[in-house]
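Student: Turn this into a structure:
(chains A and B)
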Protein chains: 2
Amino acid sequence: MTDARLSFDQEDIHNALENISASLEAGNLQQALTTLLELHPADRADTFTDLNSTKQKQLLRSLDIPATADLLEELEDQEASKIAATLTGERLAEVLDEMEPDEAADILGDLPRSQALQALQEMEEAEDVIPLLHYGDETAGGLMTTSFIALKPEQTTTEAIDYLRAIAPDEETPYYLYVTNDERHLLGIVSLRNLVVSQPDVRVEALMDTNTYYTTTLTDQEDAARLMVRYDLAALPVIDESGTLSGVITYDDLMDVLEDEATEDIYRLSNVADADLTIESPISLSIRRRLPWLYLNALTAFLASWVISRFEGIIAQVAVLAAFQSVVAGLGGNTATQSLAIIVRAIALGEVDDNRNVHTVLKEALTGLLQGLAVGFAAGLGVFLWQGNIYMGLILMFSLIGNMLLAGLAGALIPLGLHALDLDPALASSVLVTAITDIVGFALFLGLAAAFLPYLI
Amino acid sequence: MTDARLSFDQEDIHNALENISASLEAGNLQQALTTLLELHPADRADTFTDLNSTKQKQLLRSLDIPATADLLEELEDQEASKIAATLTGERLAEVLDEMEPDEAADILGDLPRSQALQALQEMEEAEDVIPLLHYGDETAGGLMTTSFIALKPEQTTTEAIDYLRAIAPDEETPYYLYVTNDERHLLGIVSLRNLVVSQPDVRVEALMDTNTYYTTTLTDQEDAARLMVRYDLAALPVIDESGTLSGVITYDDLMDVLEDEATEDIYRLSNVADADLTIESPISLSIRRRLPWLYLNALTAFLASWVISRFEGIIAQVAVLAAFQSVVAGLGGNTATQSLAIIVRAIALGEVDDNRNVHTVLKEALTGLLQGLAVGFAAGLGVFLWQGNIYMGLILMFSLIGNMLLAGLAGALIPLGLHALDLDPALASSVLVTAITDIVGFALFLGLAAAFLPYLI
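Tutor: You can find the predicted model right below:
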């Protein structure tokens, strides 16, 4: 197995990139093409992306239709549309015909309207792609491919296998075959394995599994993905409003959805509002997406400042309060973030049971309270030993207990509440929850200090 | 397709649960079993987990060997081992024989040593499981299954299909067949599709794909998963140290790794150190895992307090400084968290190119600086209008610019540095980075205030 690859190595892409650049600069287009085409399509796309646009154009002119189609399938959506837009009418149509229908639809959706319409007119397999153009990017319809194999219930296994030989399906076609009636309604699913190991003259309807999962074109892609993960499905059939089998979501699309979903949650919990940002995004885009959240954060921070400013007189008398107020706010924020992470992740994984939400909120609140007792006692003792004032220690302890109890409560209640309202629990939770723990933390600590001021001076 | 299921619904599990409970309480064991067995194995496991242990035992006594094996395969690892430990010697061995080797190995690894050894002695297919016991949970060896189908290169397609019919592989067996030589070294891979659509008397070696990816038993499971995602592989063969094909990682295991990896990153960025915590974890466990990070956070918070306490004299004179110090620290923390999220996710997705790390760090620092200019100007202006003191506004502005520049720098440098040292970038980044932005934020703002004190009074 001399050709086998053990792992992915950025170094390989680097070497290929330098090789191609050098070949093009030396005028050796053929050498550059050979190096590019020897790469796995995924690596090829990465390498191509890293070339400057002059070199991209040089290579693109010499790639044949199937290679161009492969390349567009593997490129990031934005990049693929940019490249597709540079292709001339007829060539574009041929490339789109060669691509998987779902990938072709994504590109058509991103092209200028007139160019997309012209390409569709010139395409031979436009009818596979047109239905996909109606579905939103985030729906099962937008994710599915229309290239699947349908069998009739009355076919025998031998007939089915002969049919497969005749159409010689390409690599992308999944492991499952779909049995439909004359109205193209799904009757059941046969695995290729079942077809192969069964006796030759069994009818497909005797083999098919009718107890199967499916989804609808308008279902959110994350819900479809969740179903596939829960039941270990390698492919999920998708039905349109009229009950017709419209397409299939395959495991490779599923993996992309899972990755995107995780990225989205991580980003949103960290106040990055756009899941498409990467370390390669231009600074201007990055700032446009990130700055609004920092302004929002600044607003809540000023609200907290205003709360502190109400206690100016007390701070002027006992300035060391300014040193400890942040401990209360900070630990509240951290406790809340822990609860938030666990709840947001449970919602994403579909593990939240609506009948147990009250129980969950109370549990997080109790966890916050117990952690508040533990941290509050230690911190209070530390401050007493440092400052020699038992009241300062007690005030810090009680405000930590109160704020961390609240943190557990808010850290569970807010994402569950947003989820109940069908809003994304990760979106605003982080800003909202830490605003609460900051404001209440400062108010609690300084308010207690104000009440017991004579003991602190 | 009357049996088909459209989606997953917690309500179904609830209804089943109540049904089973009621049946058992009414002494109708048969009804309870029927309800349980009608559920999909994944739902069955969830329902079973939610029953109390008396009811679990009642049901378990009446489940046959295959149903018990199914149940243990679908339960969470801890729960499965707990249930397995209650089975008596012979029955346990039969159930383990019936399970997928990788799942059986996981359970054997968690059982008390003596019970595991006895079960292995009584098992008929112990030789499938024993090799798996040597591999760590987080390795490709620990993730793979040893049940795969191997073909010889000289077999014809007809012979291969006859062989498949004879062994009638079960549902779990993947779509790919592995061609090995007499030393069981991997020569290439044939897809079932290729086998079916090819002519009857072609030799397997003429059909097989030799340009294929594989991994080794000791490879980290995340690296193996990354390879599968990158190249859209439904199955990845695993080779041991001697080059023998030892097993296969299939897409369903891959999905679990991807989910766990995302959970781990989200939790670690939120200071939850144990990726196994869920909303169902007992409070005592939750606190044991979460409290240490809060203590660590309290320590860094006290370090920040100490910095503030150095400026007590100045705060006593200009108490409103206590109100604005938190704005500087908070916005630094938020800016750093944004950078952290983008870098940690890029590392997890294998998108980090070591040759561009300096560029990435500089870009995040520049982003921090530009965001600092934008937020600093707005916040400074706000404070000037509020307090009527231009110097207060300028001090806030410059300390925000400085702290947010630092935040971008630290938010990129620390996770990339940890990654370069082969440490988990998500593990300590969050605590470390916010400790830096807190301490520097306070020091910068209060230090500037001290320097320009006459203009503030």
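
Student: which element is A:V190 on?
Tutor: In this structure, A:V190 sits in strand A:186-191 according to DSSP states H and E.

Student: CA atoms only: put that strand into PDB for me.
Tutor: The C-alpha trace of strand A:186-191 is given here as PDB (Å, rounded to 0.1, in the frame of the first residue of the first chain):
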ATOM      1  CA  LEU A 186     -41.000   6.600   0.300                       C
ATOM      2  CA  LEU A 187     -42.000   3.000   1.200                       C
ATOM      3  CA  GLY A 188     -38.800   1.800   2.900                       C
ATOM      4  CA  ILE A 189     -35.100   1.600   2.800                       C
ATOM      5  CA  VAL A 190     -32.800  -1.300   1.600                       C
ATOM      6  CA  SER A 191     -29.200  -1.300   2.500                       C
END
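
Student: Could you list the low-pLDDT ranges of chain A?
Tutor: Filtered on pLDDT under 70, chain A yields the residue ranges A:1-10, A:169-174.

Student: Pop the domain breakdown of it in here.
Tutor: As given by automatic domain parsing, the domain ranges for chain A are A:11-142, A:150-266, A:283-456.

Student: Make JSON lines out of the ones you listed and add distance to chain B and mean neighbour count.
Tutor: For the C-beta atoms, the positions are set from N, CA and C on the backbone; glycine is no exception. Below are the domains of chain A laid out as JSON lines (distance: least, C-beta to the nearest C-beta, whole Å; neighbours: other C-beta atoms under 10 Å in any protein chain shown):
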{"stretch": "domain A:11-142", "distance to chain B": "5", "mean neighbour count": "18"}
{"stretch": "domain A:150-266", "distance to chain B": "3", "mean neighbour count": "19"}
{"stretch": "domain A:283-456", "distance to chain B": "3", "mean neighbour count": "21"}
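
Student: do you know which of those domains lies nearest B:I457?
Tutor: Distance to B:I457, taken as C-beta to C-beta, is lowest for domain A:283-456 among the domains of chain A, at 11.9 Å.

Student: any idea which helix or strand carries A:G247?
Tutor: Going by DSSP H and E, A:G247 is part of strand A:245-250.

Student: ok and that strand relative to strand A:186-191, angle-wise?
Tutor: Between strand A:245-250 and strand A:186-191, the angle comes out at 30 degrees (axes from the mean of the first three to the mean of the last three C-alpha atoms, to 10 degrees).

Student: Which strands or helices does the helix or strand immediately after strand A:245-250 in the chain pack on?
Tutor: Note on strand A:245-250: by DSSP H and E, the next helix or strand toward the C-terminus is helix A:251-269. In terms of contacts (3 or more C-beta pairs under 8 Å, 6 or more residues apart in numbering or on different chains; DSSP states H and E), helix A:251-269 is packed against helix A:221-230, helix A:321-348, helix A:425-451, helix B:221-230, helix B:251-269, helix B:321-348.

Student: Go again with 7 Å.
Tutor: Contacts defined by 3 or more C-beta pairs under 7 Å, 6 or more residues apart in numbering or on different chains; DSSP states H and E place helix A:251-269 against helix A:221-230, helix A:321-348, helix A:425-451, helix B:251-269, helix B:321-348.

Student: Including distance to B:L456, could those go into a markdown table?
Tutor: Listed next are these as a markdown table, based on distance: least, C-beta to C-beta, whole Å:
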| stretch | distance to B:L456 |
| --- | --- |
| helix A:221-230 | 52 |
| helix A:321-348 | 15 |
| helix A:425-451 | 21 |
| helix B:251-269 | 37 |
| helix B:321-348 | 8 |
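
Student: which ones are touching the closest residue to A:A116 other than its chain neighbours?
Tutor: Closest residue to A:A116 apart from its sequence neighbours, by C-beta to C-beta, 6 or more residues apart in numbering or on different chains: A:L108 at 4.7 Å. A:L108 sits next to A:A116, A:A119, A:L120, A:V129, A:L133 when contact means C-beta atoms under 7 Å, 6 or more residues apart in numbering or on different chains.

Student: Pull the most distant pair out of those.
Tutor: A:A119 and A:L133 (11.6 Å).

Student: Helix or strand next in line after the strand holding A:V190, which one?
Tutor: Taking DSSP H and E as the definition, the helix or strand right after strand A:186-191 is helix A:192-197.

Student: Verify the contact between A:V257 and A:L227 for me.
Tutor: No. A:V257 is not in contact with A:L227 according to C-beta atoms under 7 Å; the separation is 11.3 Å.

Student: what angle do the strand holding A:G247 and helix A:251-269 make?
Tutor: On the basis of the same axes, to 10 degrees, strand A:245-250 is oriented at 70 degrees to helix A:251-269.

Student: Angles on the backbone of A:A150, please.
Tutor: Per-residue torsions, A:A150: phi -110, psi 140 (degrees, to the nearest 10).
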